[in-house]
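>>> got a sequence here, can you model it:
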Amino acid sequence: MSLDDFFGEVSRADTIPSVAAKAADLEGYRKSIEDSAAVSGGLWLSYLFVLFYLGIAAGAVTHTDLLLENPVKLPFLNIELPLLAFFSLAPVLFLITHVYTLVNLALLADRVREFHKELGDQFAADPSLHPRASKIRSFWTRQLPSNIFVQFLGGPNEIRKGAFGQILKAILSVPLVVAPIALLLLLEIQFLPYHSLRVTWINRIAFFLDLGLTWWLWLKILRRSANYSQARSWWLWLQASGPALASVYAFLFAFVIATIPGEWQENYLSPAAWNLLRHRIFDGEFDLTTRRRTRLFSNTLVLPGFDIYEALKIDDPKKVKWKQHLIDLRGRDLRGAQLDNAVLTRADLTGAQLQGARLSFAQLQGVSLEGAHLQGAMLEYALQGASLTRAQLQGALLWGAQLQGADLDSAELQGAWLELAQLQGASLSNAQLQGAWLAYAQLQGASLQGTQLQGAWLGHASLWRAQLQNSVFENIFDDSGKIDWNPIELGSRLPRPWTDATYAELRQFIEREVPQTTLPWPIPEVSQRNRALERVAILDCKRRDDGALASCDPSDAPPDAVKQWKNRIEAASSDPNTYSKAFTGILGDLLCSDKADRIYVLRELLSYPNFLERTGSERPALIKRIASPECPLSMELTDAEKRMLGATPFQARIR
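Below you'll find the predicted structure:
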């Protein structure tokens, strides 16, 4: 229908010279909108593709992928992108795509607004058109492209108003406003267990910029739409109050709640309510059936039963027998990781951060943990043949740990729980064992030269053939002199004499469990297994070292060196009250040091059945010290931990 025909239908008797004269101007605006709509249509499809593409790729990343740093396989393209590169670039790529789309829509909104302004100006110039204004406006708006953006911004009233208009608004606002927030939060949450501050902050900054630009550009688009009027601007702001509140919560979630364990926000920006919310969202209990947390998300790796051979698709371990390490986790931040019953054979964890990690019953044959941070870690029945030189194991749970022939030189084991630990032939030279619990520990033939044993609990520990030169004993508690110096094997079964057969069983165990990997130092040609076998050789009954070693026959008199060590330990032994005071002092120094990982030590100690009982009458003094402002740990305690301590200095804070 031509413009003249339309005007004839509107009024057969009258003409509309003013509108007809300026019809070319309206047609020019319409043509401009049509051109922009063609561009925006293609851009809209591209934007949706990027949105869903990144969402699918990020959602497919598992905790196994994070541990192994598996590349992200991009759908459709069948291209693999390095894990760190993907999570670093994805938020930036989406930010650029999203903002570019919003800017183009804002420009389209400007053209639609100019079209409606020109149409309105023509009506204002000719009052005689007012009776037919709605029909004329409907005609011109129906000439606009059927593009969803154009119809939402400036289509006919019957399309923009009512239920259909709300559907149009939802179709646009969900992908352009809600989905971007969800995607950027998904990228952050999915990558959070990896514990990379750099990449996590890239995600947070991208989220902040996208949130701010979305508010600015989306409001700009709405203001340019035909639905908006200056007189109703207050109503627009009122409608925006709900999304504004949601945006604040999303911002707090991204920056304050979704944190890597130990981040500064937890102590300086999070009140008790935020800490509780973080715990309920990210730190749920572990479900043994599903092998997942009971909560929706996790900020630590949860991989119980993880099998390195299965993950690397190794069907026969013999095929990789030549490799020194199967997985490189050097320096990785694995704090709080759930790795119970995991198979991590020959993993290189040198310098890794494993504070608060759970590795109970894990298979760690040939693992390298030199310089690793294991404060508060749970390592029950684990660590066969592990190399733990200089490892940080303060407060670690090593109950029953298999450490025969292990290298623990200079390891920091203050307050560690080593009950029933298998330490035959282990090297603990210059290790820090102040306040450690060594009840029933099997230390036969262990090297304790230069070891710090102040405040250690040695009740029922076996020290036959242990080497104690230059060890430091002070305020030892040996449970009424029950340290065992006899040639016996302790354990869950009844004690049995140490014989050639017992020694042969120990060697067979090491040969079976400790891999034949070659150490890079100090003697490259000597394998880790051979070094472990060399350490336990001191337990060979045939070896006497010119009478310096105690005999396998309990009826034989002990050597003079052993008599001297027994006398030193007896002299260093203390009564329960003196021991409690010494132990409490050691514990206070450990917990109130300026190191950031002390909270993991306390949390693990609180899980020990008789941890607080060991402090005896000194418990109030310890709690007072922990609660004092001079102790950095006091700022990190949760209300639940304060209640567990049951400390008077905390009562006012808890209330």
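
>>> roughly how far apart are the residue nearest to Pro317 when sequence neighbours are not counted and Asp316?
In space, Pro317 comes closest to Tyr309 once its chain neighbours are excluded; the distance is 6.0 Å by Cβ to Cβ, 6 or more residues apart in numbering. Placement of C-beta: from N, CA and C, glycine included. Between Tyr309 and Asp316 the computed distance is 9 Å (Cβ to Cβ, to the nearest Å).

>>> with Asp407 instead?
29 Å.

>>> and for Gly585?
For Gly585 relative to Asp316 (Cβ to Cβ), the value is 54 Å.

>>> which one of those two is surrounded by more residues?
Taking neighbours as other Cβ atoms under 10 Å, Gly585 and Asp316 compare with Gly585 leading, 19 against 8.

>>> residue contacts, the more buried one?
Taking Cβ atoms under 8 Å, 6 or more residues apart in numbering, we find Gly585 in contact with Gly455.

>>> Ser247 too?
Per Cβ under 8 Å, 6+ apart, neighbours of Ser247: Ile181, Leu211, Trp215.

>>> now do the helices in the stretch 501-650 of the chain.
With DSSP state H, counting those that start in this stretch as the criterion, the stretch 501-650 of the chain has helices at 528-536, 560-572, 576-591, 598-606, 619-627, 639-645.

>>> and those helices: which comes nearest Ala372?
Among the helices of the stretch 501-650 of the chain, helix 598-606 comes nearest to Ala372, with 13.1 Å by Cβ to Cβ.

>>> verify the stated contact: Gln444 with Asp484.
No - counting by Cβ atoms under 8 Å, Gln444 does not reach Asp484; the two are 9.3 Å apart.

>>> got any residues that touch both of the two?
Contacts common to Gln444 and Asp484, judged by Cβ under 8 Å, 6+ apart, are Ser462, Leu463, Trp464.

>>> turn those residues into a markdown table, columns for pLDDT and secondary structure.
As requested, these are arranged in a markdown table below (pLDDT from 0 to 100; DSSP: H, G, I helix; E, B strand; the rest coil):
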| residue | pLDDT | secondary structure |
| --- | --- | --- |
| Ser462 | 90 | strand |
| Leu463 | 91 | coil |
| Trp464 | 91 | coil |
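
>>> same for the strand or helix carrying Ile189, what does it pack against?
Using DSSP states H and E, Ile189 maps to helix 179-191. When contacts are defined as 3 or more Cβ pairs under 8 Å, 6 or more residues apart in numbering; DSSP states H and E, helix 179-191 sits against helix 23-59, helix 83-125, helix 197-224, helix 233-252.

>>> list the buried residues for it?
Ala179, Pro180, Ile181, Leu183, Leu184, Leu185, Leu186, Leu187, Glu188, Ile189, Gln190, Phe191 (16 or more other Cβ atoms under 10 Å).

>>> could you give the angle of it to helix 197-224?
Orientation of helix 179-191 against helix 197-224 (axes from the mean of the first three to the mean of the last three Cα atoms, to 10 degrees) gives an angle of 170 degrees.

>>> quick one on the thing from earlier: and Lys581, which of the helices and strands packed on helix 179-191 is closest to it?
Closest among those, using Cβ to Cβ: helix 197-224, at 40.9 Å.

>>> next, the angle helix 83-125 makes with the closest one.
10 degrees.

>>> tell me which of the helices of the stretch 501-650 of the chain sits nearest to Thr259.
It's helix 598-606; of those, that one is closest to Thr259 (Cβ to Cβ) at 13.8 Å.

>>> quick one, phi psi at Asp348?
Backbone torsions of Asp348, given as degrees, to the nearest 10, read phi -100, psi 100.

>>> pull the CA atoms of the helix holding Ile189 into PDB?
Coordinates of the C-alpha atoms in helix 179-191 are reproduced here as PDB (Å, rounded to 0.1, in the frame of the first residue of the first chain):
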ATOM      1  CA  ALA A 179      22.700 -15.100  31.400                       C
ATOM      2  CA  PRO A 180      26.000 -13.000  31.300                       C
ATOM      3  CA  ILE A 181      26.000 -12.900  35.100                       C
ATOM      4  CA  ALA A 182      25.300 -16.600  35.300                       C
ATOM      5  CA  LEU A 183      28.000 -17.500  32.800                       C
ATOM      6  CA  LEU A 184      30.700 -15.400  34.400                       C
ATOM      7  CA  LEU A 185      29.800 -16.800  37.800                       C
ATOM      8  CA  LEU A 186      29.900 -20.300  36.300                       C
ATOM      9  CA  LEU A 187      33.400 -19.600  35.000                       C
ATOM     10  CA  GLU A 188      34.600 -18.500  38.400                       C
ATOM     11  CA  ILE A 189      32.900 -21.300  40.300                       C
ATOM     12  CA  GLN A 190      34.100 -24.000  38.000                       C
ATOM     13  CA  PHE A 191      37.700 -22.900  38.200                       C
END
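
>>> buried residues in the strand or helix carrying the residue nearest to Pro317?
Assigning secondary structure by DSSP H and E places Tyr309 in helix 308-311. Buried residues in helix 308-311, counted by 16+ other Cβ under 10 Å: Ile308, Ala311.

>>> give me the contacts around it.
64, 68, 314-315, 317, 326-327, 342-347.

>>> how distant is it from the center of its chain?
A distance of 22 Å separates the centroid of the chain from that of helix 308-311, by Cα atoms, centre = their mean, to the nearest Å.

>>> how far out from the middle of the chain is the helix or strand that that helix is followed by?
Where DSSP H and E defines the elements, the next helix or strand beyond helix 308-311 is strand 327-328. Distance, stretch centre to chain centre, for strand 327-328: 19 Å (Cα atoms, centre = their mean).

>>> in its sheet, which strands sit next to strand 327-328, and in what direction?
Note on strand 327-328: by DSSP bridges, its sheet partners are strand 347-348 (parallel).

>>> packing partners for the helix or strand that the strand it pairs with is followed by?
On the C-terminal side of strand 347-348, the closest following helix or strand by DSSP H and E is strand 488-489. Helices and strands touching strand 488-489, by 3+ Cβ pairs under 8 Å, 6+ apart, are strand 496-497.

>>> return the mean pLDDT over the strand it packs on, rounded to an integer.
For strand 496-497, mean pLDDT is 87.

>>> the chain should start at 586 in everything you say after this.
Yes, from this point I'll number from 586; that puts the last item at strand 1081-1082.

>>> can you list the strands that it pairs with?
strand 1073-1074 (antiparallel).

>>> ok, residues contacting the strand it pairs with?
Residues outside strand 1073-1074 that contact it (Cβ under 8 Å, 6+ apart): Gln1027, Gln1029, Ser1047, Trp1049, Pro1080, Arg1081, Pro1082, Trp1083, Thr1087, Pro1139.

>>> cutoff 10 Å now
The contact list for strand 1073-1074, computed with Cβ atoms under 10 Å, 6 or more residues apart in numbering, reads 1007, 1009, 1027, 1029, 1047, 1049, 1079-1084, 1087-1088, 1090-1091, 1124, 1137, 1139.

>>> thought Asp892 was touching Gln948?
Yes - counting by Cβ atoms under 10 Å, Gln948 is a contact partner of Asp892 at 9.0 Å.
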